[in-house]
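>>> could you work out the structure for the sequence below:
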Amino acid sequence: MRTTWKRALLALAAGSLVLGTAACSDDPATEGAVDLDGKKVAAMADLKAGQQFKAGEAVEFGILYSDHPNYAVKDDWLFWKELAARTNVTLKPTVVPMSDYEQKRSLVVGAGDAPAIIAKTYPGQEQAYVASGAILPVSDYLDLMPNFKDKIEKWKLQPELNTLKQEDGKFYVLPGVHENLWPDYTLAFRTDELQRLNLQAPKTWDEVHTVLKAIKAAHPDAYPLSDRFEGKSILNYAAGSFGTSGGWGYSNAQWSASDDKFVFTGSSPEQKQLIEFFHGLVDEGLMDPESFTQKDEPAIQKLANGKSFAISSNAQNLVNDYRPALKNIPGATIAKVTVPGGPKGDVISGTRLENGLMISAKALESDRFVAMMQFIDWLWYSDEGQEFAKWGVQGTTYEKDGSGKRTLKQDVAFGGLNVGAPQHLQKNFGFQGGVFAYGGKTELLQSMFTPEEITFQEAMKAKKVNPLPPPFPFTADEREQATLWETPLKDAATQGTLQFILGDRDISEWDAYVKELEAKGMTQYMELVNSAHERFKQKNG
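Numbering: from 1, shown residues only. Purely as a prediction, here's the structure:
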């Protein structure tokens, strides 16, 4: 699963938390009264944060459900049964394979056929549906969500929440919210090989280059780094310390504080520097050129066969993919390194917002609308609902001691916990799934971490987080115009990045590449972006 800041940066890839958003210091809960008379059937009166939600009568809500192939949805999951018992709510999922989810979501929302709850939507992805009126401005209904409001206030998330606002001052996606930033993806190295060659784990990208070079000297026929995720992960987490964005996190608009304006990311000096670094790795034989095209399995097999010694990873990849793959190499060990620092220092990019929910505009027609919003608030945003979605049922899937420490039952496995147990928390019970379990307190998030991962997270706290770029909310007409430019420009920048890194195009052609971007509307697009940003500044001071 693309968790943590990698998920958060994925939001940037989808159009960015910047694109089409506006920051404002106003409390969104006061941005307009909405008449909800006649829509309170089964709702609870005076619901407060921390209170168990239970509908006044049995109700059913539809949900667009992204089905993960590793734990395919089952009708007999304990999740469904226990959810109904606690809340009096039955969810009716419209099940879509994860691989087709974004396309299917676009089709059903565009046709007006979406279920009331549209799950697994990253901030930025909602922008395509705002102008049509197909989704609700959820900021109008936050008074129905005491748990959500409580976390925004306690964790001082308002600045990040403000980045979701559209030109009308409202936002249209309920994001997952974290108490703290959660970085996860980074490079993992064969630590036994580092020890054998008397090498230290690299802390900067220059040190990564040095370490890979030493491994190459010891294994001339190998590519020390053969990556997975088609290079989209490594460019994502590397880009922050180069002062740009890339891979999963690529955004066309890059804020330049020195120029006090946005510049086009794909043609920026920082992007060129990022490209030149990775081209150098490929050119010197330190990075497998197939890293940017191969699927996950070939990359894992190269690691397993001793043909590579480093690969992008998150915490689950280590446990589920790499360590089992390396079991046939005696003494082989592997671990993540902290995200390397770069030209801009020991910094990372990220946000505490992640994937969340859109609400179909048709949901407002239901007399059970208030109950639905209260239910959403409990399941996705209350401490109790988040614990339930993650850990399951106390006494059945886990135990909790007097200090509050949770422990999976011995016959239940998840991640690096109880490996080999006969039942699996996700597959057999439906908990810890990507549609329902995300966000929340750091304590809850880390409650399933291995000691190794907690150590990694503590080390990552020392890094400085790049500030969020300022907003530039588009009007409906501007959004329509911007859409004509954004995808061709992103495609051209992505293709150019790959060509330069692999050496299919010499870096001496950079100026010609920039002219190609200009021919695709780069200059006009950036004028639109900066005009929207200036308008926002004038409105908000």
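
>>> residue ranges with poor pLDDT in the stretch 151-300 of the chain?
Along the stretch 151-300 of the chain, no part satisfies pLDDT under 70.

>>> quick one, helices of it?
Applying DSSP state H, counting those that start in this stretch to the stretch 151-300 of the chain gives helices spanning 158-162, 191-196, 205-218, 232-239, 269-283, 296-304.

>>> and F171, how many neighbours?
25 (other CB atoms under 10 Å). (Each C-beta comes from the backbone N, C-alpha and C, glycine too.)

>>> so how far is P123 from it?
9 Å (CB to CB, to the nearest Å).

>>> please apply the same query to K400.
Counting by CB to CB, the gap from K400 to P123 is 33 Å.

>>> bridging residues for the nearest residue to K151 once chain neighbours are set aside?
Spatial nearest neighbour of K151, chain neighbours left out: V177 (5.5 Å); criterion: CB to CB, 6 or more residues apart in numbering. Under DSSP bridges, the beta-bridge partners of V177 are L353.

>>> re the thing from before, out of the helices of the stretch 151-300 of the chain, nearest to K151?
Nearest of these to K151, taken as CB to CB: helix 158-162 at 10.1 Å.

>>> can you point out the buried residues in the longest helix seen in the chain?
For the chain, the longest helix by residue count, based on DSSP state H, is helix 476-502. Under the neighbour-count criterion of 16 or more other CB atoms under 10 Å, helix 476-502 has 478-479, 481-482, 485-486, 489-490, 492-494, 496-502 buried.

>>> so D367 sits against V41, correct?
Yes. Judged on CB atoms under 8 Å, D367 makes contact with V41 at a distance of 4.4 Å.

>>> what's the distance between the closest residue to E486 other than its chain neighbours and K490?
In space, and not counting its chain neighbours, E486 is closest to N252: 5.9 Å by CB to CB, 6+ apart. Between N252 and K490 the computed distance is 6 Å (CB to CB).

>>> can you pull the pLDDT of the closest residue in space to K390 that isn't next to it in sequence?
Once flanking residues are discounted, K390 sits nearest to A437: 4.5 Å by CB to CB, 6+ apart. At A437, the pLDDT value in this model is 93.

>>> quick check: M358 is in a helix.
No. Counting by DSSP: H, G, I helix; E, B strand; the rest coil, M358 is not found in a helix; it is strand.

>>> quick one: contacts for it?
M358 is in contact with 109, 118, 121, 126, 129, 135-136, 138, 172-174, counting by CB atoms under 8 Å, 6 or more residues apart in numbering.

>>> just these: which are in helices?
109, 129.

>>> now the contacts of M358 as a markdown table including distance to V393?
What follows is those, written out as a markdown table (distance: CB to CB, whole Å):
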| residue | distance to V393 |
| --- | --- |
| V109 | 33 |
| I118 | 27 |
| T121 | 28 |
| E126 | 33 |
| Y129 | 36 |
| I135 | 33 |
| L136 | 32 |
| V138 | 30 |
| Y172 | 34 |
| V173 | 30 |
| L174 | 25 |
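
>>> now intersect the contacts of M358 with the strands, please.
Under the assignment DSSP state E, those contribute 118, 121, 174 to strands.

>>> tell me how far the second one lies from L187.
When CB to CB is the yardstick, T121 and L187 sit 29 Å from each other.

>>> those strands in the stretch 301-450 of the chain, which residues are they?
For the stretch 301-450 of the chain, the strands defined by DSSP state E, counting those that start in this stretch occupy 310-313, 334-336, 347-348, 353-359, 398-400, 406-408, 412-413, 423-424.

>>> on that earlier part again, quick one: which of K400 and P123 has more around it?
When K400 and P123 are compared on other CB under 10 Å, the one with more neighbours turns out to be P123, at 31 against 14.

>>> would you say that one is within a helix?
No. Read with three-state DSSP, P123 is coil and lies in no helix.

>>> I figured it hits L164, correct?
Yes. Here P123 reaches L164: they are 5.6 Å apart, a contact under CB under 8 Å.

>>> kindly export the following helix or strand past the longest helix of the chain (C-alpha atoms) in PDB.
The C-terminal neighbour of helix 476-502 among helices and strands, as given by DSSP states H and E, is helix 510-519. Provided in PDB are the C-alpha atoms of helix 510-519 (Å, rounded to 0.1, in the frame of the first residue of the first chain):
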ATOM      1  CA  TRP A 510      17.800  20.600 -22.600                       C
ATOM      2  CA  ASP A 511      17.000  23.900 -24.200                       C
ATOM      3  CA  ALA A 512      15.400  22.100 -27.100                       C
ATOM      4  CA  TYR A 513      13.300  20.100 -24.700                       C
ATOM      5  CA  VAL A 514      12.200  23.300 -22.900                       C
ATOM      6  CA  LYS A 515      11.100  24.800 -26.300                       C
ATOM      7  CA  GLU A 516       9.000  21.600 -26.800                       C
ATOM      8  CA  LEU A 517       7.300  22.300 -23.500                       C
ATOM      9  CA  GLU A 518       6.600  25.900 -24.500                       C
ATOM     10  CA  ALA A 519       5.000  24.600 -27.700                       C
END
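
>>> next secondary structure element downstream of helix 510-519?
Next along from helix 510-519, by DSSP H and E: helix 522-540.

>>> flag every buried residue along that following helix.
Neighbour-count burial for helix 522-540 flags 522, 525-526, 528-530, 532-533, 535-536 (criterion: 16+ other CB under 10 Å).

>>> kindly report the same for stretch 60-70.
Those would be 61-68, for stretch 60-70 by 16+ other CB under 10 Å.

>>> one more: stretch 298-311?
Per 16+ other CB under 10 Å, stretch 298-311 contains these buried residues: 299-300, 302-304, 308-311.

>>> got the CA coordinates for it in CSV?
The C-alpha coordinates for stretch 298-311 follow below in CSV (Å, rounded to 0.1, in the frame of the first residue of the first chain):
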residue,chain,number,x,y,z
PRO,A,298,11.6,-8.8,-11.9
ALA,A,299,13.2,-6.2,-9.6
ILE,A,300,12.5,-8.4,-6.6
GLN,A,301,14.0,-11.4,-8.4
LYS,A,302,17.2,-9.6,-9.2
LEU,A,303,17.5,-8.8,-5.5
ALA,A,304,16.8,-12.5,-4.6
ASN,A,305,19.4,-13.7,-7.2
GLY,A,306,22.2,-11.5,-5.9
LYS,A,307,22.1,-9.4,-9.1
SER,A,308,21.3,-6.2,-7.2
PHE,A,309,21.8,-4.9,-3.6
ALA,A,310,19.5,-1.9,-3.2
ILE,A,311,15.8,-1.3,-4.0
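
>>> thanks a lot, see you next time.
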